[in-house]
Each structure stands twice: as C-alpha cells, then as structure tokens.
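# any chance you can model this:
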Amino acid sequence: MTAPPEGKQLPYVPAPSASALPTARSGRGFPWRTLTVVLPACWILLAGWNHRWIGDDGLIYTRVVRQIMAGNGPVFNIGERVETSTGTLWQWLVASAALPTGKDPATVAVWLGLVLCTTGFVLALLGTLTLYGRPARVVPLGVLALLPVQATWDYATSGLETGLAFCWLGATWWALVHTGRSGRQLVPVAVLLGVGPLVRPDLALVTALYAVVLYALVRPRLRHMLTALAAGLALPVGYEVFRAGYYGILVPLPAVTKEASWTLWDRGLFYLADFIAPYHLWLPLALVAALAVPVAAAVHDAPDGRRTLIIAAAPVAAGLVSALFVTKVGGDFMHGRMLLPGLFLVLLPGFLVPLTRTTASALVALTVWAGACLLLWRPPPTSDDGSHFVVDEHTGYVGATGQDHPVTQSAHAARTFLFAREARRLQAAGERVVLIETSYDRKVEALPLSAQRHPDVRFAGVEARLGHVGVAIPLDETATDSLSLANPLGAHTQPVVFRKAGHEKPIDRAWVIADYTDPSPADSPAVRAARHALTCGAIAELQDSFRTPLTVSRFWHNLTGAWERTRLRIPADPVAAERTFCVK
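Next up, the predicted model:
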C-alpha cells in the first residue's frame, strides 16, 4: 500500500471483509457478535462489583473532591496549594458526579470507576470487532487472558483512576481503528488523545505513539494537521499553565515524591514478576502471541491488510512501552495496578479474533487456564524478598476495615488505628496541637501548634497514610503525611530508602517539628538546623510558592519558576540542608 500524495484526504477504506478471513460458516440468526461483546462486559461489571472497595490512595482523591465541593479549590488543605491527585481528570469527574447529589465522594468514585471500566471494555471489544471487518463469528481470546486476573477486578473500583484509564484506552482504540481507516474526524480524535496525560501522566506515551501512527496512516494536509495538533494540545497545555502557576511545579506532587524519571530495574523486575507469577500469565500471553502469526497472515492477505496490521501493531507497541516504563522506574507497591494498562493494550488487537479451527482450539486451552486462574491462582497478600515489597491492597483493606466492601469514608474512619483515636480525642478536647505519628500505628506525640507559622490552623495531623489522615482530620484543619505525597518539602528531599515504591522519602521528624511548632530550648540540633533551613533560599521560596496567597504576581512567579522548582532537591538531613542552602 502506497501513501496518498501529500495534501490529499484519504478515501474511506472498509475493513477487511469477513469472507477474506478464514472463518467458520456464517452465524446468521444467532447474535454471536453481540454475545462476544456483552458477556465480557458483564464479567468485568460483576467481578468489579464483587470486589468493590476504596483504599487509602483512593481517599487521597476524595479529600480533594470534598475540598472542591466545599468551595476551597483543588487542594488537600486550605491555605496550601498542593496537587496530590495524579489523575487530574479523575478528580474532576468524581467532583462533577458528587457535587449535584451531595453523595459520599468515596462511594461515587467506586461506582464511577466501575461504570467507566465496563465502558472501556465495551469500546475496546467494538474496536477490535471493527478491525476485522465484523466477521460473523469471533471468539474472545485476548479479553479472556485479562478477565480472570484478580488485579483487573480489584482496580475496576478502588477509588483510583484505573477505571477511567481503561475507558480512555478503549475509546482511543475504537477511534484509532475508525479514523485510521477513513481519515475522518481527526480533530475530535486529537482532542481525545490529548486528554491522555490528564488521565495519568504516563499515558502521554500512548498519546504520542497513537498520534504518530495516525499521522502515518492519514497524512493530512498541513492546515488540517495543525488544526488537529492545536486541538489535541489545548487541554493538556492549558492545564499545564494552570498547574505551574497555581501549584508552582510542572507535575503532580506525587510524581516528584516518587521520582518518575528514576531507573530502578531490580525493583521493577520484582514488581513485574509479582504480577506475572501468581496467574502464570506467561501461558496466555505465549498462546496469544503464537496465534498472532496465523491471524496476521490472514489479515495481511485481506483487502488493505497492511493498514490493518499497522493499526493492530499500535496498541501492542504502546503496551510494551508502557510496561517497560513502569519496570524501569521501579514499579509500584500495589499488586499489578501499574501494569494493567500495558497488559490491556498488548491484548487489544486480540480481544476478539475470527473463529477458525485454530482459534477455537486456542479458546479451549485459554478456558482451562482461566478456570485454574479463577479457582486456584491468587496473588499473595504480600511479596517480600527483603529488598522489595509489594502488597495486595484489596485484601489488606478488607481485613483492616472488617468489611467485605469498604466503599465509604465512614468505613475507613471507623478503623481502630491509634492516630485516628488520638486525633478524635484531642479535637474533642479543643487541643491546639500537631499530632505526629512517630512509629507506624504504635506511637504518636502531640506538640503545641505554632501560632506564628500556622495562625489559621487549630489542629494538624501528620501520618504515613495520607488518605487515612485526610479522613481523620476535618477539611478546615491541616492533614499531611510523613511519606511526602502532600508535603512539598518532603517531596523535594532526596530519597533515602528504596524498598517499597512510593515510600522512598519519609520526611525527617525534625522538619515536621520545625514547620509546625515554635522554637524551644529543648530543640535538638537537627530541629534547629531545620528551622534555619526553612528560612533560606530555595527552601523558603518553595514554601512561599504554595502557602502565600495567590495573586497575579504570585501566579506569574510560580509559573516562571516552575522548571527550577520542579528540579529542586534538598538533602533529607536538615543539618546537610542547612549547610547547602543557608549562607553562613
């Protein structure tokens, strides 16, 4: 197939006809294609519902949503412009759904995630069906390699943005198939692709690859290409300007905390193995890969088969790149979560395949694997080799809350963690203190809260679990975490541990005391150094960027300094930080 001359719009090219593919006799009179879409969609809907829950990380989103609903803006705490939500669009979708009803944002997030996840599977199945020209009979191979995996059910809800990610991946796949053939609707598809980084920053990889593939297939005129490019960039670039001016950095704060540009292959490979091994995922992946050869050969011989193969290769390449990126940066601490989008993408072109004797035999083998997966193979509660740590979050929170389906904030607020009990007691007594967790769920200390540094705050809480502390502390008080997801100072410190992803920057207690209390003769040398460092150079400017009132001047200063501020790293040790940033 030769490319059309520059400047010419592609004519509509139909998908390969069913007759061009080696299929069994027509299934006329039986809703074969409908069932192959409806049944997998029902599976994920029912499995996700049966595993419905929200965890601590989902509660990070819901506190921000509650702040939005209360009119305080997209912040975790009043008076601190900190972006704790990695999935920007998810936060606003939950707020948009919760605001008209006044419902608990946690429950709204669970329902919305499940609906979006199911929608994503439907769009993905329809896109794959269209890719093969809607043959009379198809079999669900690729989708059957994904549905029995417990992590898929767990993150159909969880309060996180994974359901939205599945929906976006399904929608972009459907759009790629249709626009890649016809060349039509390029501008709306560009807008859809541009949303990717707002769903999750790492989905920018998929956006970029799909955009290149679409350009190669459609070859639009220069004017049309520039229009599509402007449309696709409008939302992400516009939000990036807002983010830099409002929050003062170029990425969500958790991306700074977790150092998204790291290279930690050993931890990443441990995370990858933790996902593949429990389900023996190499079996269905090897089977699907082997089937790709005869299916691709049949497609290649069909009309315009080369174009179809290019479209089919796009999500596979995107999925492999996504999985490689996640592995490179060290994975995650939640079992399977960050690798699910990559697996979804790799399997997309094979979600449904035309029925032949070969694919029918493969379906039988895959069904046996799926049965074993459903009945026998589950991830362990924790995977720990002494150097790396991954946990099955769903099982953990079901146990922690004592509920099969912890889907409300009250379910988590009722947990008997020491921090929550002490926070409720001190607030009821009217104490003006900062409550600091000093030993994970075993010891807390309450110190007098500084009236000078925090004049508008009556109570502050610092705990390892940010979602939990966000539930335990009222919206008009300060809630932050010792793992630096909501603490810009801690997020910009240098990492000190690498065992558990997202837990590399536990902030030194001296920084917390210096920030939230007044000077005392009993201050240790580390606390004295931290107090001094907070007034020095780039550290003081960082504090001002998110705590001083937002004026036009402040917005501009944040915007123009966002690059350097994002790159800022501070020694974790306050004494070393004082030496680095304070001029003697």
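# which element is residue 445 on?
Residue 445 belongs to strand 443-448 when assigned by DSSP states H and E.
# pairing partners for the next helix or strand after that strand, with directions?
Using DSSP H and E, the next helix or strand after strand 443-448 towards the C-terminus is strand 460-463. The strands beside strand 460-463 in its sheet (DSSP bridges) come out as strand 433-439 (parallel), strand 478-481 (parallel).
# can you tell me which of those the model trusts least?
With a mean of 89, strand 433-439 has the lowest mean pLDDT of the strands paired with strand 460-463.
# just name the most buried of the strands paired with strand 460-463.
The highest average neighbour count among the strands paired with strand 460-463, using mean count of other CB atoms under 10 Å, belongs to strand 478-481 at a mean of 26. (Each C-beta comes from the backbone N, C-alpha and C, glycine too.)
# before we move on, back to that, could you dump the strands paired with strand 460-463 into a markdown table with distance to residue 107 added?
A markdown table is the format used below for those (distance: least, CB to CB, whole Å):
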| stretch | distance to residue 107 |
| --- | --- |
| strand 433-439 | 27 |
| strand 478-481 | 21 |
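# nearest to residue 412, of those?
Closest approach to residue 412 among the strands paired with strand 460-463 (CB to CB): strand 478-481, 13.4 Å.
# so what touches the closest one?
Strand 478-481 has contacts (CB atoms under 8 Å, 6 or more residues apart in numbering) with 63, 76-77, 79-80, 454, 457, 459-466, 469-470, 472-473, 486-487.
# show the subsequent helix or strand relative to that strand.
helix 488-491.
# off-centre distance for that following helix?
The chain centroid and the centroid of helix 488-491 are separated by 21 Å under CA atoms, centre = their mean, to the nearest Å.
# and for stretch 287-304?
That offset, for stretch 287-304, works out to 32 Å (CA atoms, centre = their mean).
# run through the stretch 201-350 of the chain and note the low-pLDDT ranges.
Across the stretch 201-350 of the chain, residues meeting the criterion (pLDDT under 70) sit at 300-302.
# ok, now which ones touch residue 395?
Contacts of residue 395 by CB under 8 Å, 6+ apart are residue 381.
# that one belongs to a helix?
Yes: judged by DSSP: H, G, I helix; E, B strand; the rest coil, residue 395 forms part of a helix.
# how close does it sit to residue 72?
Here the criterion is CB to CB, to the nearest Å. By it, residue 395 lies 34 Å from residue 72.
# same check, this time on residue 148
Taken as CB to CB, the span from residue 148 to residue 72 is 43 Å.
# more neighbours, these two?
residue 148 (23 against 16; other CB atoms under 10 Å).
# right, so of the strands paired with strand 460-463, which gets closest to residue 51?
Here strand 478-481 is closest among the strands paired with strand 460-463 (CB to CB), at 26.3 Å.
# please state the offset of that closest one from the chain centre?
The chain centre lies 22 Å from the centre of strand 478-481; the measure is CA atoms, centre = their mean.
# could you do stretch 572-584 as well?
Remark: stretch 572-584 is offset 35 Å from the chain centroid, using CA atoms, centre = their mean.
# okay, now the unreliable bits of the chain?
1-30, 300-302, 416, 584.
# mind giving me the domain ranges of it?
Here the chain is described, according to automatic domain parsing, as comprising the domains 31-375, 409-581.
# which of these sits most buried?
Using mean count of other CB under 10 Å, the stretch among these with the largest mean neighbour count is domain 31-375, at a mean of 20.
# how long is that one from one end to the other?
In domain 31-375, first residue to last residue: 30 Å (CA to CA, to the nearest Å).
# mind checking how far that domain is from the chain centre?
Worked out by CA atoms, centre = their mean, domain 31-375 lies 10 Å from the chain centre.
# check for me that residue 117 belongs to a strand.
No: read with three-state DSSP, residue 117 is helix and lies in no strand.
# residue contacts, it?
44, 48, 156-157, 162-163, 166-167.
# can you tell me, leaving aside adjacent residues, what's nearest to it?
Spatial nearest neighbour of residue 117, chain neighbours left out: residue 163 (3.7 Å); criterion: CB to CB, 6 or more residues apart in numbering.
# returning to that earlier point: what strands flank the strand holding residue 445, and is each parallel or antiparallel?
In the sheet, strand 443-448 lines up with strand 433-439 (antiparallel) (DSSP bridges).
# list the contacts of the partner strand.
For strand 433-439, using CB under 8 Å, 6+ apart, the contacting residues are 418-419, 422-423, 426, 443-449, 459-464, 482, 509, 512-513, 516-517.
# show me what the helix or strand hosting residue 342 is packed up against.
Assigned by DSSP H and E, residue 342 belongs to helix 340-347. Helix 340-347 sits against helix 162-182, helix 305-328, with contacts defined as 3 or more CB pairs under 8 Å, 6 or more residues apart in numbering; DSSP states H and E.
# mind putting the ones you listed in CSV, distance to residue 545 included?
Below are the helices and strands packed on helix 340-347 laid out as CSV (distance: least, CB to CB, whole Å):
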stretch, distance to residue 545
helix 162-182, 29
helix 305-328, 29
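# among those helices, which is nearest residue 206?
Using CB to CB, the helices and strands packed on helix 340-347 put helix 305-328 closest to residue 206, at 4.6 Å.
# so which elements touch that closest one?
helix 105-131, helix 162-182, helix 204-218, helix 265-276, helix 282-301, helix 340-347.
# give me the angle between that helix and helix 340-347.
Relative orientation of helix 305-328 and helix 340-347, computed by axes from the mean of the first three to the mean of the last three CA atoms, to 10 degrees: 160 degrees.
# which residues touch the closest residue to residue 409 other than its chain neighbours?
Among residues not flanking residue 409 along the chain, residue 106 sits closest, at 4.8 Å (CB to CB, 6+ apart). Residue 106 is in contact with 54, 58-59, 62, 159, 407-409, 412, counting by CB under 8 Å, 6+ apart.
# what do you get for residue 367?
residue 144.
# tell me how far it lies from residue 360.
Residue 367 sits 11 Å away from residue 360, going by CB to CB.
# cool, residue 531 as well?
72 Å.
# so for residue 313, which of the strands paired with strand 460-463 sits nearest?
Comparing those by CB to CB, strand 478-481 comes nearest, at 42.1 Å.
# now the closest one - C-alpha only, PDB.
Listed next in PDB are the C-alpha coordinates belonging to strand 478-481 (Å, rounded to 0.1, in the frame of the first residue of the first chain):
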ATOM      1  CA  THR A 478      -4.300  20.600  58.100                       C
ATOM      2  CA  ALA A 479      -3.700  17.000  57.200                       C
ATOM      3  CA  THR A 480      -0.400  15.900  55.700                       C
ATOM      4  CA  ASP A 481       1.800  12.700  55.500                       C
END
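# no further questions, thank you.
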